[in-house]
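In: no sequence for this one, just the structure:
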């Protein structure tokens, strides 16, 4: 211990240690849409590097969409049963799980936005599979079910990870987790949790009709196919629920006070009817904008979890010097007010949507699974 | 796999799985100054919760400052040798390592700012101890030595973690690591990496002399005991080197172009002489401020790693709408421009100094060690 363990040039460790064993990660991806496809590309590109630098042997064994599935099996018994590796078959979520079952570091990635897929997490966790997902449905769904899933993961000693459900690839869930795990307390949080709504609020100057901006965002593909899925605030409310639950608050979607930008008269009409009546959004927005401007404030769409436990989503008039007022474009922002970060919050900011960054968040979760899973 | 694994109320998993084994973490803390003391308090407060919720058995075995050390041994053989548990002894870094050696999940936390302690990392890693530190000296020190330390950690299968060296408890190093590990590429980064310099730039309006602000910050304890340790930009340069190295760039402190705010004539005088001649800082700052103001810009102290590999630290005139221009108070900010975050950077912002948040960053590293260490 006393002699220096480095040679004078500091270039070589003195003792040759055994090469670390490879950590196997056997991955199944369900739902290869835009995010799933980006993930598959990232996994493919990273595979050799991960093996070389991190001793992670990442093996993609199955990819399934709603119609068919692709298997790459190096399990001889499974090959024999299925009739050879790398085959296409009709899709079946049971088969996806079955061909991961028992594999080392077996993890299912749900890149769908499907309730039917999310409904399988319990089976998968119970079968000893890790689950990673950017799908908000389960973590913002019925609270008893979500708590049961988290308990199941704990008792089965598998991981259930969902970093990309909030802010896509931005480090939001993990940052909150780390604060709490190290003994900090969440007092309140606020966020601009929708890039679409952030951009609409940023671009809206009270002159050009709000409906025109919505139409433009829709045409550029910046909104959901039905823009009401952005404008109704529910997606932001789901993210708020996920963060609230992470902090130990037993919040459900019903507990969030959500201000929708969709007029009541357009809530239940078909999409075409809605798109043809977008101008009905204009007068209410113009009134809010005029009021904010008169106060020297700007309109922003915010999700807030207050110190008293209230959760709210909607438009807020913020003073022009507020950090959120100054954000440009479509950035997501999350601010954590904690006991340690009491005077000034901890803030994470950046693009919070898009296939590449979302897939990056999912991939980060996969690496955490690899790091933490016992061999 | 077909039947639901949850009961109808979704409250209980159907099968009782064995309680996960405890992961032991045996901790030694060197340098219980302000950060070390905050860490000890955080560890003490978290111990029971970590055992209950995360099955981490965190055991503090030794604390040492430069004069004496405190041992809490539950190792009977060691107790017999040392003459009983919980004893005070004259401090010895050899003894600190010796009484951690062989313990499960043994980790030394260096909360000193000491070269002598940093010089021991190689011995400790070679002896199979994990090392966690907020001390910048090793990761920003001579490049061959740092690379050798990282190699040593890899071959010895132990962890060397230093999240709190940049931005204290802000998730900076881990965020960069996650981007790179998932295949993203760092193109450039820029940061306000000194809370002290951020505050001085923010508060300086060209009217009140700059030296008065420095004196005020010094009296409030916001600067180092010798404010030149902030004003010379070297601390920011060290953080820039750490982030550059994390991204694979072989940067050394000598490669960073650093603009010091300390006039040459005051560089080598004693502290009292420096404090008595603070007014010599005023004219250069006033000139820079006037020039920036004339351009509609504001002065900020920035560390930058450019796409062409250049690393620079100093004052920059930023347009008023720049995100850094709008930051208030003493916030640290880091912006990562990557292939995925090309149009808009990923930004982390918040207080980047102080015992509690720094200790929180160290604690996060400890939890990563616990999570990733093989039992």
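Out: Perfect, I can see it now. Because the structure is predicted, anything quoted here is derived from the model rather than measured.
In: residues near the residue nearest to residue A:231 when sequence neighbours are not counted, how many?
Out: Nearest non-adjacent residue to residue A:231, counting by CB to CB, 6 or more residues apart in numbering or on different chains: residue A:261, 4.2 Å away. C-beta coordinates here come from the backbone N, C-alpha and C atoms, glycine included. Neighbours of residue A:261 under the rule other CB atoms under 10 Å in any protein chain shown: 22.
In: now do the contacts for residue A:261.
Out: Going by CB atoms under 8 Å, 6 or more residues apart in numbering or on different chains, residue A:261 touches A:197, A:231-233, A:281, A:284-285, A:315.
In: for the residues you listed, which one is nearest chain B?
Out: residue A:197 (16.2 Å; CB to the nearest CB).
In: so that closest one makes contact with residue A:236?
Out: Yes - applying CB atoms under 8 Å as the test, residue A:197 and residue A:236 come out as touching, 7.1 Å apart.
In: bridged to residue A:107, which residues?
Out: Note on residue A:107: beta-bridge partners residue A:27, residue A:130, judged by DSSP bridges.
In: which stretches in the stretch 201-350 of chain A count as strands?
Out: Residue ranges of the strands in the stretch 201-350 of chain A, as given by DSSP state E, counting those that start in this stretch, are A:256-258, A:297-305, A:311-319, A:331-338, A:346-351.
In: figure out which of those strands is closest to chain B.
Out: Across these, chain B has its closest neighbour in strand A:346-351 (3.9 Å, CB to the nearest CB).
In: how far does that closest one sit from the chain's center?
Out: Distance of strand A:346-351 from its chain centroid, counting by CA atoms, centre = their mean, to the nearest Å, is 14 Å.
In: what of stretch A:317-325?
Out: The chain centroid and the centroid of stretch A:317-325 are separated by 26 Å under CA atoms, centre = their mean.
In: and that stretch, average pLDDT?
Out: Across stretch A:317-325, pLDDT averages out at 88.
In: quote the end-to-end distance of that stretch.
Out: Length of stretch A:317-325, first residue to last, CA to CA, to the nearest Å: 9 Å.
In: same check, this time on stretch A:314-333
Out: 15 Å.
In: and the contacts of residue A:261 as TSV, adding distance to residue B:311 and neighbour count?
Out: TSV is the format used below for the contacts of residue A:261 (distance: CB to CB, whole Å; neighbours: other CB atoms under 10 Å in any protein chain shown):
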residue	distance to residue B:311	neighbour count
A:197	38	26
A:231	45	25
A:232	47	18
A:233	44	25
A:281	49	22
A:284	51	13
A:285	46	21
A:315	42	19
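In: and these, which is closest to residue B:174?
Out: Nearest to residue B:174 among the contacts of residue A:261: residue A:197, at 28.8 Å, using CB to CB.
In: show me the contacts for that closest one.
Out: By CB under 8 Å, 6+ apart, the contact list for residue A:197 reads A:230-231, A:233, A:236, A:261, A:301.
In: circling back to that earlier point, tell me, what's touching residue A:197 and residue A:236 both at once?
Out: Counting by CB under 8 Å, 6+ apart, the contacts common to residue A:197 and residue A:236 are residue A:301.
In: hmm, back to that, a markdown table for the strands of the stretch 201-350 of chain A, including distance to residue A:216?
Out: Compiled in a markdown table, these are given as follows (distance: least, CB to CB, whole Å):
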| stretch | distance to residue A:216 |
| --- | --- |
| strand A:256-258 | 25 |
| strand A:297-305 | 17 |
| strand A:311-319 | 19 |
| strand A:331-338 | 18 |
| strand A:346-351 | 19 |
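In: quickly compare these and say which is most buried.
Out: Mean neighbour counts were taken over the strands of the stretch 201-350 of chain A using mean count of other CB atoms under 10 Å in any protein chain shown, and the top value, a mean of 25, falls to strand A:346-351.
In: ok, the nearest residue to residue A:244 once chain neighbours are set aside - how many residues close by?
Out: Nearest residue to residue A:244 in three dimensions, chain neighbours excluded: residue A:251, at 3.9 Å (CB to CB, 6+ apart). For residue A:251, the neighbour count with other CB under 10 Å is 22.
In: these two touch, right, residue A:251 and residue A:245?
Out: Yes - using CB under 8 Å, residue A:251 is in contact with residue A:245, at 6.1 Å.
In: common neighbours of the two, please.
Out: Listed as contacting both residue A:251 and residue A:245 by CB under 8 Å, 6+ apart are residue A:143.
In: kindly list the longest helix within chain A.
Out: Identified as the longest helix of chain A according to DSSP state H is helix A:34-54.
In: may I have the strands that pair with the next helix or strand after that helix, each with its orientation?
Out: Next helix or strand after helix A:34-54 toward the C-terminus (DSSP states H and E): strand A:56-64. The pairing partners recorded for strand A:56-64 under DSSP bridges are strand A:23-30 (parallel), strand A:68-71 (antiparallel).
In: what does strand A:56-64 contact?
Out: In contact with strand A:56-64 (CB under 8 Å, 6+ apart) are residues A:22-32, A:36, A:40, A:43-44, A:46-47, A:50-51, A:69-74, A:91-93, A:95-96, A:99-100, A:103, A:366-367, A:370.
In: now, of the residues you listed, which are buried?
Out: A:22-32, A:36, A:40, A:43, A:46-47, A:50, A:69-71, A:73, A:91, A:93, A:95-96, A:99-100, A:103, A:366-367, A:370 (16 or more other CB atoms under 10 Å in any protein chain shown).
In: residue A:224 - nearest residue in space that isn't next to it in sequence?
Out: Spatial nearest neighbour of residue A:224, chain neighbours left out: residue A:230 (5.6 Å); criterion: CB to CB, 6+ apart.
In: since we're on the one you found, how many residues are nearby?
Out: By other CB under 10 Å, the residues close to residue A:230 number 24.
In: so how far is chain B from it?
Out: Residue A:230 sits 19 Å away from chain B, going by CB to the nearest CB, to the nearest Å.
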